[in-house]
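Asks: got a structure for you, letters missing:
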């Protein structure tokens, strides 16, 4: 299963129309070479050995990394190439340009969230550090935070989205956020822990049993990385 599904098919129609408009343009000096995008995105390698996770198979992780994450990296590069070409055309319709910008946002969210997701795996699932103390304070206990995080993730089972623990720079509060798609995060939320709840992240191992996947994810959280993110986020709040 890829990220291109019925929920973003409509947005891809706009991208397709824009691609057709660009590819169908009359040849001329200005259209000979489309402008290059400002940057090229490259996939980050997995920061752990996928064969050593507890309850998440090597086949699942490699498929998720290659087909979904790398697929989004490639799609983002394509979208930003199209944006550069569209900006070189002063008559390019703003409405179609907006459709491509929406796809840029969607793909950017997918790339960033997948990098956070893989980056917070590979640990032993045992929390510690400043973030554990902060979560216990914010939610009454660490167990209280974990119960709310799990319930938020379970609410996305059978659908698509992300469960995100973030520090809200605007309010200074630690929150678990329910995220539909790759784009619906709070504007000032700094991600600390990302859990992919798209079915592609667990279906190979668990079918529709999302609760077992959530259990396995929690056993593999790299809390040292989550704590590093929390320390950086606190600094950002202090200077905001």
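Replies: All right, it came through fine. In this text the structure is predicted, and so the values were computed from the model without any measurement.
Asks: what about the residue most central in space within the chain, helix or strand, and which?
Replies: Per Cα atoms, centre = their mean, the C-alpha nearest to the average position across the chain is that of residue 113, at 2.2 Å. Take DSSP states H and E as the rule and residue 113 turns out to sit in helix 94-119.
Asks: elements contacting that helix?
Replies: helix 9-23, helix 70-87, strand 189-196 (3 or more Cβ pairs under 8 Å, 6 or more residues apart in numbering; DSSP states H and E). From N, CA and C alone the C-beta is placed, and that goes for glycine too.
Asks: worst average pLDDT in these?
Replies: Within the helices and strands packed on helix 94-119, the stretch with the lowest mean pLDDT is helix 9-23, showing a mean of 41.
Asks: Just after that one, pick out the following helix or strand.
Replies: Assigned by DSSP H and E, the successor of helix 9-23 is helix 58-63.
Asks: in that next one, what's buried?
Replies: 60-61, 63 (16 or more other Cβ atoms under 10 Å).
Asks: Now distance to residue 79 too, for those, in CSV please.
Replies: Shown next, in CSV, are the buried residues of helix 58-63 (distance: Cβ to Cβ, whole Å):
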residue, distance to residue 79
60, 27
61, 26
63, 23
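Asks: next one: the following helix or strand past the helix holding residue 113 to chain centre, how far?
Replies: Downstream of helix 94-119, the first helix or strand assigned by DSSP H and E is helix 129-139. Offset of helix 129-139 from its chain centre (Cα atoms, centre = their mean, to the nearest Å): 24 Å.
Asks: name the helices or strands packed onto helix 129-139?
Replies: Using 3+ Cβ pairs under 8 Å, 6+ apart, helix 129-139 sits against helix 142-154, strand 174-179, helix 223-239.
Asks: Which of the helices and strands in this structure ranks last by mean pLDDT?
Replies: helix 9-23 (a mean of 41; mean pLDDT, DSSP states H and E).
Asks: so of the helices and strands packed on helix 129-139, which one's packed in deepest?
Replies: Highest mean neighbour count of these: strand 174-179, a mean of 19 (counted as mean count of other Cβ atoms under 10 Å).
Asks: Could you please name the strands that one pairs with and the direction of each pair?
Replies: Paired strands of strand 174-179, with direction, are strand 162-168 (antiparallel) (DSSP bridges).
Asks: roughly how far apart are residue 67 and residue 49?
Replies: Residue 67 sits 19 Å away from residue 49, going by Cβ to Cβ, to the nearest Å.
Asks: More neighbours: these two, which one.
Replies: In this comparison of residue 67 against residue 49, neighbours counted by other Cβ atoms under 10 Å, the higher total goes to residue 67 at 14 against 10.
Asks: correct me, but the more buried one touches residue 201?
Replies: No - look at residue 67 against residue 201 with Cβ atoms under 8 Å: they stay out of range, at 11.1 Å.
Asks: what residues go with each domain of this structure?
Replies: With domains defined by automatic domain parsing, the chain comprises 9-42+55-119, 129-239.
Asks: residue contacts, the residue nearest to the centre of the chain?
Replies: Applying Cβ atoms under 8 Å, 6 or more residues apart in numbering, we find residue 113 in contact with 162, 164, 182, 191, 194, 196.
Asks: most neighbours, which of the residues you listed?
Replies: That'd be residue 162 among those, by other Cβ under 10 Å, with 29 neighbours.
Asks: what's the angle from the helix holding residue 113 to strand 189-196?
Replies: The directions of helix 94-119 and strand 189-196 differ by 70 degrees, with axes from the mean of the first three to the mean of the last three Cα atoms, to 10 degrees as the criterion.
Asks: Any buried residues in helix 94-119, and which?
Replies: In helix 94-119, counting by 16+ other Cβ under 10 Å, buried: 96-97, 99-100, 102-104, 106-119.
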